[in-house]
Each structure stands twice: as C-alpha cells, then as structure tokens.
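J.: Got a sequence here, can you model it:
(one chain, ligands or ions: 1)
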Amino acid sequence: MVAVSNNNPFLPYLGTVIDIKDLATDILLFRIEMLNGGKEAFCDYKPGQFVFLSAFGLGEAPFGIASSATRGDTLDFAVQRLGSVTTGLHELGKGDPVGIRGPLGNWFPMDQFKEKNLVIIGGGIGGAPLRPVIHEVLDHRADYGHLMILWAARNPSLLVFTDEYEEWKSAPDTELHLTVDQPDQLWDHNVGLITQLLEKVSPSPDNAISITCGPPIMIHHVEKLLRKLGFKPERIYVTLEARMHCGIGKCGRCNLGEKLICIDGPVFTVAEIGEMLENYL
Ligand SMILES: Cc1cc2nc3c(=O)[nH]c(=O)nc-3n(C[C@H](O)[C@H](O)[C@H](O)COP(=O)(O)OP(=O)(O)OC[C@H]3O[C@@H](n4cnc5c(N)ncnc54)[C@H](O)[C@@H]3O)c2cc1C
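T.: All right, here's what the predicted structure looks like:
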C-alpha cells in the first residue's frame, strides 16, 4: 500500500506517469503528476534536490529532480537505464503509478548566486539536476550575471535536453557550448573532453560561481581546472551521486567523513568537501 501522507518517511507518495519522452540513448524523461499528499510535499522543492523513485515490485533508486517548481506542479526525472530499478521504470507507460519519496537533500543556494556570473558544467545524465538551475536563471534572468553553460556527452546521441538548447542560447547574456568525445558526421560543435572545452573558453573567476554535475572522474578534473583558472574552492559547487540507501540520514551508507551526502548534500562546495575529507582522514 502506498502512503498519501508522509508520517513515515520510508513510505512513498503516489504519482502517475503523465508523459514519457526519449531524451537520449537509453535515457527517458518521465513527467509525473503527484497525487494526494504528494502535491503539497512537492509544492516548493528546490533546484538540486532529489527523490527516491520506486518501480513497484523491483525496488527504489535515487534521482535528481530535473524540473523546476516555478514551471508547474508536475515533476520531471531523466532516467538512464542501467540495472533492475531503472529498467523497471523504463517499462512504465503513461497512466502507470510510481512511488516517490522526497523531496530529499539540500539544494543550490540560488539566493547566493544572484548578481554572480554563473558557469554551469553538465556531463551526460549529470545535466539532469542542473536543468532546474538553468530554468531558474532563465526565468529570473535580470537577477543573475552572465550565464555560461558547458554541456557534454560521450557522443551526440547521449546529449540530454537537446530540444531546449535554442531557448538556452537565445536568452540574454547567455552562452551555450557543446562538446562530445566521439562526434558523428553531422556534429558541428566542439570535440573532446569537457575539460578541453573549459580550457578553451576559460571563464573568468571574477564575481563567478561554477556549478558542476557529472561522473566523479569528470568532477575531479573539472574542479582541478577551475582552481587553475582562479576559482576559489568555496565558489565551486558540485552535486555528488553516492550509493544511497535510506535517503534520510538513518543508515549511514553515504557518509563522507562525518557528513551524510543524503541529508547534508548532495550539493557541496569544493571547500566543504575538502574539510569533510580532512576530518575523515
Ligand atoms: C542523489 C542522486 C541523484 C541521481 N540522479 C540520477 C538521475 O537524475 N538520473 C539517473 O539516471 N540516475 C541518477 N542517479 C543514479 C541512479 O540512482 C542509479 O543509476 C540507480 O540507482 C541504478 O539503479 P538500478 O537498480 O537500475 O541499477 P543497479 O542494478 O543498482 O546497478 C546497475 C549498474 O549501475 C551501477 N550503479 C548503481 N547505482 C549507481 C550510482 N549511484 N552511481 C554509479 N553507478 C551506479 C552499478 O554498479 C551497476 O553497474 C542518481 C543517484 C544519486 C545518489
């Protein structure tokens, strides 16, 4: 039985799949309408938060919320098919029920980003939790400084949110740079790793914040390069994907030093991560 109120944080709210789109190879974008208590629970979620989605009978897994509360009361999730839960989710159709626990975790402090220049760096499916940040900035464009988006994937068929690039790059004071490791014949943007692109466009660290999400190896190299470009660790935000189990700070499986990524994160600055590791080692 699925909960409609959240007295027990382990019980999911019930939602209905109202739309499914092919986003990229093996990645589907699900639009979910929340039912009953879930509508209130998700009326004010923030960019960077995540949920646990359940595929009934198979289990649940964490996913970043890929939509923005300011653009309607449905929720979007970009789900890459990997194992049992994500395969179960990929087999859902319109009208099917899903379980959702959340909203969980902390979020990007958008208020602190106001009037700053923003460098948003997304790799592959890691672009999903950055989409609400981009939407927030575009919807309140005058509140933020220059927006530079660096967007990457292994190949063109793995780029996410391609149907929004026109909207992103035509916004005032906004740049979008795309790169792939392996181009196809139609590809006419950059080729190479996102670090090569970052080095090429070399954003200025002056009055700037960078926000990165992608595979751990990408975050590691991007973070090193941002520091070389002059970005201070407290101005480099990343969102981490750890193996999580409970999502509510009870099981301790996602600890980094004394912090738990599920409740203290998933959004951290590089300065915070440095402190956490120092206390841990
Ligand atoms: C905070 C957070 C946000 C996330 N957001 C998204 C999202 O927006 N979209 C999305 O597609 N995925 C996201 N993920 C990853 C997603 O949770 C995993 O892909 C999912 O748990 C896999 O479940 P499964 O049962 O299908 O695969 P499993 O059967 O559990 O595993 C299949 C394969 O994937 C690997 N794997 C499983 N979980 C992870 C993980 N967390 N990191 C790296 N490798 C893993 C396993 O080692 C195995 O090789 C997020 C994870 C976290 C912690």
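J.: pLDDT at whichever residue of the chain sits closest to the ligand, what is it?
T.: The chain approaches the ligand most closely through Gly83 (2.0 Å), counting by CB to the nearest ligand atom. All C-beta atoms are positioned from the backbone trio N, CA, C, and that covers glycine. For Gly83, the pLDDT comes out at 96.
J.: tally of neighbours for it?
T.: Neighbourhood size, Gly83 [other CB atoms under 10 Å]: 10.
J.: remind me which residues of the stretch 1-150 of the chain are low pLDDT?
T.: For the stretch 1-150 of the chain, the stretches with pLDDT under 70 are 1-6.
J.: what does it put close to the ligand?
T.: Within the stretch 1-150 of the chain, the positions near the ligand by CB under 6 Å from any ligand atom are 50, 61-64, 78-80, 82-86, 125, 128.
J.: Restricting to C-alpha, output the longest strand seen in the chain in PDB.
T.: Counting by DSSP state E, the longest strand found in the chain is strand 13-24. Provided in PDB are the C-alpha atoms of strand 13-24 (Å, rounded to 0.1, in the frame of the first residue of the first chain):
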ATOM      1  CA  TYR A  13       3.800   9.200  -2.100                       C
ATOM      2  CA  LEU A  14       1.900   8.000  -5.100                       C
ATOM      3  CA  GLY A  15       2.400   9.700  -8.500                       C
ATOM      4  CA  THR A  16       1.100   9.000 -12.000                       C
ATOM      5  CA  VAL A  17       3.300   9.000 -15.200                       C
ATOM      6  CA  ILE A  18       1.600  11.500 -17.400                       C
ATOM      7  CA  ASP A  19       4.300  11.800 -20.200                       C
ATOM      8  CA  ILE A  20       7.400   9.900 -21.300                       C
ATOM      9  CA  LYS A  21       9.900  11.300 -23.800                       C
ATOM     10  CA  ASP A  22      13.100   9.800 -25.400                       C
ATOM     11  CA  LEU A  23      15.800  12.100 -24.100                       C
ATOM     12  CA  ALA A  24      18.900  10.300 -25.300                       C
END
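J.: which parts of it are buried?
T.: Buried residues in strand 13-24, counted by 16 or more other CB atoms under 10 Å: 13-15, 17, 20, 23-24.
J.: and it, what other elements does it pack with?
T.: strand 27-34, helix 37-41, strand 74-80, strand 97-104 (3 or more CB pairs under 8 Å, 6 or more residues apart in numbering; DSSP states H and E).
J.: Tell me the buried residues in the helix or strand in which Glu199 is found?
T.: Using DSSP states H and E, Glu199 sits within helix 194-201. Across helix 194-201, burial judged by 16+ other CB under 10 Å covers 194-195, 197-198.
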